[in-house]
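Colleague: below is the sequence, then the predicted model.
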Amino acid sequence: MGHLTMLPAWQALRAHYDEIRSRHLRDLFTEDPERAKRYTLEAAGLFLDYSKNRLNDQTLEALFNLARERGVEAQRDAMLSGAHINTSEDRAVLHTALRAPRDAVICANGHNVVPDVHKVLDHMGAFAQAIRSGAWRGFTGQPIRHIINIGIGGSFLGPQLVYEALKPYALRGLTCSFVANIDGAELANALQDKDPAETLFVIASKTFTTLETLTNAQLARDWLVEGLGAQAAVARHCVAVSVNVQAAVEFGIDANNIFGFWDWVGGRYSVESAIGLTAMVAIGGDLFAELLAGSRAMDEHFQSAPLGANMPAIMGLISLWYNNFFGAQTVAILPYAHALARLPAYLQQLAMESNGKRVDARGELVEVDTGPIVWGEPGVDGQHSFHQLLYQGTRLVPCDMIGFMEPLSRYQRSHDLLMASLFAQAEALAFGRTGEQLRALGVPPSRAKFEACEGNRPTNMLLGQRLDARTLGALIALYEHSVFVQGAIWGVDSFDQWGVELGKDMARHIIQEIETGSVGADHDPSTRRLLARYMAARRAGQG
Ligand code: F6P
């Protein structure tokens, strides 16, 4: 792969950026009102309006050329066929196989993985049904009423997103909570008022070595043994999701209650593997299958649609356009659906752990900025906090806004107000209100200079009919593939995450020092003083 910035398409985009950077969305719409119709797309039940972006046909053509010159389609096909595109870990990347139909053939390392996937799905389905029906009994014979998912990163954010988003469809009388943080306060909070006889822990960890998860799992095990009076209770109240079966068995989990997956599923791409077990128990096997079907529909679209009509490709390229040419450092995710409150956090891991890389897949420095900072909050809430900066701040923050035609509640008027806000925000961000318009409305010039909003702030508008399992599946796959497209253009390995290892390594070292009471001389002066302060406070607390 040659130098990215030397490619003809990159050079064309740079020259084109100089022409279009000062153009206002108002002018782009005046010149070409048809763009409101032309720059829209439907796929897998999602409708995308990307017309309120600072681009025109020339921009799009150059972006598609860039994707071609970078071999994005060939890279996509390599991923889908099980090639080891996770080069630094020498692994296939096949989260798309998790939602493949039973009769599909997808090979990793020469082995068809689809039967394995469906075997685990069947196992999960039977387990979910046993919990939901009350057939599964705890150690003292009571049915399970609380599930606590212990896991972090992808072993937390995915199942939590699905559970929260689809809660209206979940079984009543069964609560699910999620414990990720090593801060014991989170576990204590989850255990409060729970009866161990009715509580089941899903210990979700791909590696089964993650310090936070294992610490919480051990505390949960102690709580169970203490509450139920027998070590044997652990097997009835703990199940595991992991590729590391041996470690889960050593922990005390019955081998029949370990739900496996495979090294070709990255943590942040694992929600539709057994990692989604807690969510599946809550919503049932049929709705979980719908989630997979939604993702599959988006996979099929991503695989077959030409670049010019390919939703994940278009979203990925637009994001890259702002990042690499306009210098936008962040992307805001604004779901106008409270049930998607955890979507920004989920996408944060997906995008930032995938593309937050400064070296490419060959280990060489990437010449341009890579993954943008992803953040966000549910729509409307954000309007009363950070939207001020979106409107009048000095930074360009492209936004993805997401809404649904039908409400999830029976409060239609509330939904109309929500949707009115969604459309108003996108319109106001794009077109603003000039000083002249304000004066025409009778606002004196002394105030107009403060009230004026320049507009020209871009948004993608994603609409679905209803927030349901299928739509959520499509949304998840849309962002997975959009992140893939960006990573493919930058040439990074979007599927490893070496950066997070350094902090883990240091924490392991420091916990030993805290526990032995002796701080080594190898720390910097600031860390030494911080540790000394903490250890003095700890001694005082114990004394
Ligand atoms: O620390 C980052 C990470 O490795 C993520 O990639 C992963 O989702 C998370 O930790 C949890 O890992 P595991 O599922 O192995 O406990």
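Modeller: Okay, I see it.
Colleague: buried residues in the helix or strand containing Asp122?
Modeller: Asp122 is part of helix 114-133 when elements are defined by DSSP states H and E. If you call a residue buried by 16 or more other C-beta atoms under 10 Å, then helix 114-133 has these buried ones: Val114, Val117, His118, Val120, Leu121, His123, Met124, Gly125, Phe127, Ala128, Ile131, Arg132. (C-beta placed from N, C-alpha, C; glycine too.)
Colleague: and if you look at stretch 240-258?
Modeller: Ala240, Val241, Ser242, Val243, Asn244, Ala247, Ala248, Phe251, Gly252, Ile253, Asn257, Ile258.
Colleague: if we can go back for a sec, average pLDDT across the helix holding Asp122?
Modeller: For helix 114-133, mean pLDDT rounds to 98.
Colleague: cool, stretch 212-228 as well?
Modeller: Mean predicted lDDT for stretch 212-228 stands at 98.
Colleague: can you check stretch 34-54 too?
Modeller: 98.
Colleague: end to end, how far does it reach?
Modeller: 15 Å (C-alpha to C-alpha, to the nearest Å).
Colleague: and the residue in the stretch 201-350 of the chain that the ligand sits nearest to, how many neighbours does it have?
Modeller: The nearest approach of the stretch 201-350 of the chain to the ligand comes at Gly267, 2.6 Å away (C-beta to the nearest ligand atom). Using other C-beta atoms under 10 Å, Gly267 has 25 neighbouring residues.
Colleague: distance of it from Gly154?
Modeller: 3 Å (C-beta to C-beta, to the nearest Å).
Colleague: where do the contact lists of the two overlap?
Modeller: Jointly contacting Gly267 and Gly154 under the rule C-beta atoms under 8 Å, 6 or more residues apart in numbering are Lys206, Ile275.
Colleague: now do the end-to-end distance for stretch 359-376.
Modeller: End residues of stretch 359-376 are separated by 27 Å (C-alpha to C-alpha).
Colleague: list the buried residues for it?
Modeller: Buried, per 16+ other C-beta under 10 Å, within stretch 359-376: Asp360, Ala361, Val366, Thr370, Gly371, Pro372, Val374, Trp375, Gly376.
Colleague: who's in contact with that stretch?
Modeller: Counting by C-beta under 8 Å, 6+ apart, 1, 3-5, 87-88, 319, 322-324, 327-335, 343-344, 347-348, 351-352, 354-358, 382, 400, 486-487, 490-493 sit against stretch 359-376.
Colleague: in the buried residues of stretch 240-258, find the pair that's most separated.
Modeller: Val243 and Gly252 (18.3 Å; C-beta to C-beta).
Colleague: the buried residues of helix 114-133 into JSON lines, with extra columns for distance to Glu61?
Modeller: As requested, the buried residues of helix 114-133 are exported to JSON lines (distance: C-beta to C-beta, whole Å):
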{"residue": "Val114", "distance to Glu61": "38"}
{"residue": "Val117", "distance to Glu61": "39"}
{"residue": "His118", "distance to Glu61": "42"}
{"residue": "Val120", "distance to Glu61": "44"}
{"residue": "Leu121", "distance to Glu61": "42"}
{"residue": "His123", "distance to Glu61": "48"}
{"residue": "Met124", "distance to Glu61": "45"}
{"residue": "Gly125", "distance to Glu61": "46"}
{"residue": "Phe127", "distance to Glu61": "51"}
{"residue": "Ala128", "distance to Glu61": "48"}
{"residue": "Ile131", "distance to Glu61": "53"}
{"residue": "Arg132", "distance to Glu61": "52"}
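Colleague: name the nearest of these relative to the ligand.
Modeller: Val120 (15.8 Å).
Colleague: need the contact list for that closest one.
Modeller: Phe259, Gly260, Phe261, Ser273, Ala274.
Colleague: likewise for Leu317?
Modeller: Leu317 neighbours (C-beta under 8 Å, 6+ apart): Leu60, Leu63, Phe64, Leu66, Ala67, Val485, Ile489.
Colleague: what about it, helix or strand, and which?
Modeller: Here Leu317 is assigned to helix 311-321, by DSSP H and E.
Colleague: wait, Arg132 sits on Gly173?
Modeller: No - if you go by C-beta atoms under 8 Å, Arg132 and Gly173 don't touch, sitting 9.7 Å apart.
Colleague: ranges for the strands of the stretch 301-450 of the chain?
Modeller: Taking DSSP state E, counting those that start in this stretch as the criterion, the stretch 301-450 of the chain carries its strands at 330-335, 373-376, 399-404.
Colleague: find the nearest non-adjacent residue to Arg281, please.
Modeller: Actually, residue 281 is Val. It isn't Arg. Ala128 (4.5 Å; C-beta to C-beta, 6 or more residues apart in numbering).
Colleague: now do the contacts for that neighbour.
Modeller: With contact taken as C-beta under 8 Å, 6+ apart, Ala128 is in contact with Leu277, Met280, Val281, Gly284, Gly285, Phe288.
Colleague: cool, Asn149 as well?
Modeller: Phe156, Pro159, Gln160, Cys176, Ser177, Phe178, Val179, Phe201, Val202, Ala204, Leu277, Thr278.
Colleague: who wins for neighbours among those residues?
Modeller: Counting by other C-beta under 10 Å, top hit in those: Ala204 with 34 neighbours.
Colleague: ok, back up a step: in a markdown table: the strands of the stretch 301-450 of the chain, plus mean pLDDT and distance to the ligand.
Modeller: Supplementary listing: the strands of the stretch 301-450 of the chain in a markdown table, determined by pLDDT from 0 to 100; distance: least, C-beta to the nearest ligand atom, whole Å:
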| stretch | mean pLDDT | distance to the ligand |
| --- | --- | --- |
| strand 330-335 | 98 | 19 |
| strand 373-376 | 98 | 15 |
| strand 399-404 | 98 | 22 |
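Colleague: and Gln75, how far from Thr87?
Modeller: In terms of C-beta to C-beta, Gln75 sits 12 Å off from Thr87.
Colleague: thinking again about what came up before, state the pair within the contacts of Ala128 that is farthest apart.
Modeller: By the measure C-beta to C-beta, Leu277 and Gly284 form the most distant pair in the contacts of Ala128, at 12.3 Å.
Colleague: flag the shaky bits of the chain, pLDDT-wise.
Modeller: Along the chain, segments meeting pLDDT under 70 span 1, 543.
Colleague: got the contact list for the residue of the stretch 301-450 of the chain found nearest the ligand?
Modeller: For the stretch 301-450 of the chain and the ligand, the shortest gap (C-beta to the nearest ligand atom) falls at Glu353, measuring 5.7 Å. Shown in contact with Glu353 (C-beta under 8 Å, 6+ apart): Gly153, Arg268, Gln497, Val500.
Colleague: one more time with 6 Å
Modeller: Arg268, Gln497 (C-beta atoms under 6 Å, 6 or more residues apart in numbering).
Colleague: ok, the one 4 residues further on next?
Modeller: Contacts were defined as C-beta under 6 Å, 6+ apart; by that measure Lys357 touches Thr370, Val492.
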